[in-house]
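Q: Fold the following, please.
(one chain, ligands or ions: 1)
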Amino acid sequence: MIRGIAPDAYVEPHVADVRTCVPARAIAACDVVFSCTDSHASRALLTRLPYQYGPALIDIGTLVRADGTAFVDVRTVTPATPCLDCQHVLDADRVALETQSPDQRALARRFGYAPGADAPVPAILPLNALAVSLGMLRLFDLLRPWLSWRDRVTLEVSRLEVMERAAPRRPNCGICAGSLIGAGDAVRLPCDDGLPS
Ligand SMILES: [Zn+2]
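A: Purely as a prediction, here's the structure:
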């Protein structure tokens, strides 16, 4: 699609889980990263990159609830802002579950330790398009600042209500307040070339 718009654009496709090492290292070398993944484990890896390697991370997500509310969430992570864990985006239990082997996940489901982990999630195209548009505005803002948004901005779409949910960097955070900052290849990325499917 990108080459359809700009035939001379450089495109390096990786059809792989972002948690595997080849795409993770390729992404680490970028200037700006758009995170549009559906898992907490993938975001747990991506949120390290701004501190370890320096790219800006724009993480976008949508959520539709059974009560009729719908949310678009845009989070910005740079070396100067709190990580996705400090911004309360990551769920440690989900990260642990998503990094288990298929057998371990099946066992967890069997004993009721993974409620909702494999539940179908609705996708609404206009909601996703709104999330992408807000993410692109944030990209323009990184290139030439003009927005007054906080690091995390959530739009509740049914009431068209904006919630700015900025959170401080935790002083003891192992991602954004520790030894990862500027570490580059001196610290191994928690990627895996043998991920279970
Ligand atoms: Zn943090």
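
Q: Identify the residues contacting residue 131.
A: Shown here is residue 131, whose contacts under the criterion CB atoms under 8 Å, 6 or more residues apart in numbering are 60, 61, 62, 72, 73, 74. C-beta coordinates here come from the backbone N, C-alpha and C atoms, glycine included.

Q: I should have written residue 191 there, sorry.
A: Going by CB under 8 Å, 6+ apart, residue 191 touches 19, 20, 21, 24, 25, 45.

Q: again, 7 Å this time
A: Contacts for residue 191 were tallied using CB atoms under 7 Å, 6 or more residues apart in numbering; they are 19, 20, 21, 24, 45.

Q: Over to residue 33?
A: Shown in contact with residue 33 (CB under 7 Å, 6+ apart): 27, 46, 49, 55, 57.

Q: and it, how far is that from the ion?
A: Taking CB to the ion, to the nearest Å as the measure, residue 33 falls 17 Å from the ion.

Q: Check residue 175 too.
A: Looking at residue 175 against the ion, where the rule is CB to the ion, the gap reads 5 Å.

Q: and that residue, helix, strand or coil?
A: coil (DSSP: H, G, I helix; E, B strand; the rest coil).

Q: got a list of what the residue lying closest to it once chain neighbours are set aside touches?
A: Nearest-residue entry for residue 175: residue 83, 4.2 Å, with adjacent residues in sequence omitted and distances by CB to CB, 6 or more residues apart in numbering. When contacts are counted by CB under 7 Å, 6+ apart, residue 83 touches 47, 77, 173, 175, 176.
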